[in-house]
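Need a 3D model of the sequence below.
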Amino acid sequence: MTAITAPDLPEPRSAPAIRLGARSSLLIALTTVFGVVAFAWPLFIHQHAGQNTAHNGDAPWIFVALIPLLLAIVMAELSEGAIDAKAVALLGILAACYAALRVPSPGINGFEPEWFVLILAARVFGRGFGFVLGATAFFASALITGGVGPWLPFQMLAAAWVGFGAGCLPPMKGWAERGMLAAYGAVAALVYGLLTNFWFWPFVGSATKWQFVPGLGTAANLHRFILFDLTTSMGFDLTRAATTVVMVLVLGRPVLAALRRAARRAVFEPEVRFVEPV
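Just a heads-up that it's a prediction; the model follows:
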């Protein structure tokens with residue numbers, strides 16, 4: 001007899017720990033728009049500050065606005081029963097793991113192994129969880145490593161977008177999945193570096209030949225920024241990307257298995273209710 005085998009189907013994805021409802025989706029969209037404005041406003045109003053004054057005045061206000069928006073996303077899901085105490089506890093544990101990985105490696109030469117935790121957690125628990133985890137984990141790690149400054153709200157926003165993107169990746173399994181996550185990690189590491197350069201670039205003054213020029217135009221200034229990024233920090237960003245790729249490929253399988261096992265045991269599923277037929 002010929003053995004009949006089941007088709008090689010992708011592994012079912014775990015139920016997201018934070019299931020995005022209408023209100024939380026709207027809040028994430030609002031936070032994203034707020035973040036884009038916070039990053040890009042110097043391009044459009046053509047203001048220029050002196051060297052080393054990048055967002056010193058507006059960063060505290062951005063941070064004050066960002067925290068309530070993140071809390072509102074969680075509260076919106078709590079009110080709809082889409083997130084429970086288990087998901088909140090898991091969020092705290094993973095944020096602590098992310099922060100612990102930053103302690104021995106505070107960005108020296110781009111060696112940042114913590115990013116694979118965010119990418120794999122968002123892959124298993126969903127894009128809503130990844131968005132909140134990215135912001136809260138970076139905030140917690142900044143408190144531990146002494147990285148609090150005007151750059152922090154911009155780093156939190158960039159990390160939240162990295163987590164959200166990881167949660168949006170299509171279903172795959174095995175080496176294909178880990179390869180996809182590694183490729184995403186490389187791209188996300190480069191984009192994160194691009195964003196965190198952009199938060200201060202309009203304010204560096206004459207410290208570089210590719211500085212922001214007020215009144216030059218948005219497209220021309222963006223071209224100058226790309227050249228600035230390539231000539232100042234691409235080596236750092238490539239090291240971050242390579243570290244993320246290696247960590248995902250080497251540790252991806254056991255970490256994904258552990259996270260999925262935790263998701264199965266936590267049972268992040270809607271409560272089943274039986275009603276009498278009408």
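
residue ranges for the helices of the stretch 151-278 of the chain, please.
Per DSSP state H, counting those that start in this stretch, the stretch 151-278 of the chain carries helices over the ranges 152-167, 174-198, 218-232, 234-266.

Tell me which of the ones you listed sits most buried.
Compared across those, helix 152-167 shows the largest average neighbour count, a mean of 24 (mean count of other Cβ atoms under 10 Å). Using the backbone N, CA and C atoms, a C-beta is placed for each residue, glycine as well.

what about the residue nearest to residue 141 when sequence neighbours are not counted, which SS state?
In space, and not counting its chain neighbours, residue 141 is closest to residue 99: 3.8 Å by Cβ to Cβ, 6 or more residues apart in numbering. Under DSSP: H, G, I helix; E, B strand; the rest coil, the three-state class of residue 99 is helix.

Count the neighbours of residue 99 for me.
Counted with other Cβ atoms under 10 Å, residues neighbouring residue 99 total 21.

contacting residues around it?
114, 137, 140, 141, 143, 144, 145 (Cβ atoms under 8 Å, 6 or more residues apart in numbering).

Which of the residues you listed ranks first by neighbour count?
The most neighbours of any of the contacts of residue 99, using other Cβ under 10 Å, belong to residue 137, which has 28 neighbours.

which strands and helices sit next to the strand or helix carrying it?
Taking DSSP states H and E as the definition, one finds residue 137 inside helix 127-145. Counting contacts by 3 or more Cβ pairs under 8 Å, 6 or more residues apart in numbering; DSSP states H and E, helix 127-145 packs against helix 22-45, helix 59-79, helix 85-102, helix 115-125, helix 152-167.

between those, which one is nearest to residue 228?
Closest approach to residue 228 among those is made by helix 22-45 (13.4 Å; Cβ to Cβ).

Could you name the helices and strands sitting against the closest one?
Looks like helix 22-45 contacts helix 59-79, helix 127-145, helix 152-167, helix 174-198, helix 218-232 (3+ Cβ pairs under 8 Å, 6+ apart).

Go again with 7 Å.
If contacts are counted by 3 or more Cβ pairs under 7 Å, 6 or more residues apart in numbering; DSSP states H and E, helix 22-45 sits against helix 59-79, helix 152-167, helix 218-232.

Of these, which shows the lowest average pLDDT?
Least confidently modelled of those is helix 59-79, at a mean of 71 by mean pLDDT.

report the angle between the axes of that one and helix 85-102?
If you take axes from the mean of the first three to the mean of the last three Cα atoms, to 10 degrees, helix 59-79 sits at 150 degrees to helix 85-102.

Show me the contact partners of helix 59-79.
For helix 59-79, the external contacting residues (Cβ atoms under 7 Å, 6 or more residues apart in numbering) are 18, 21, 23-24, 27-28, 30-31, 34, 38, 83, 132, 135-136, 150, 152-153, 156-157.

Then stretch 149-165?
For stretch 149-165, the external contacting residues (Cβ under 7 Å, 6+ apart) are 35, 38-39, 54-56, 59, 62-63, 66, 118, 122, 127, 130-131, 133-135, 137-139, 142, 184, 188, 192, 195-196, 199.
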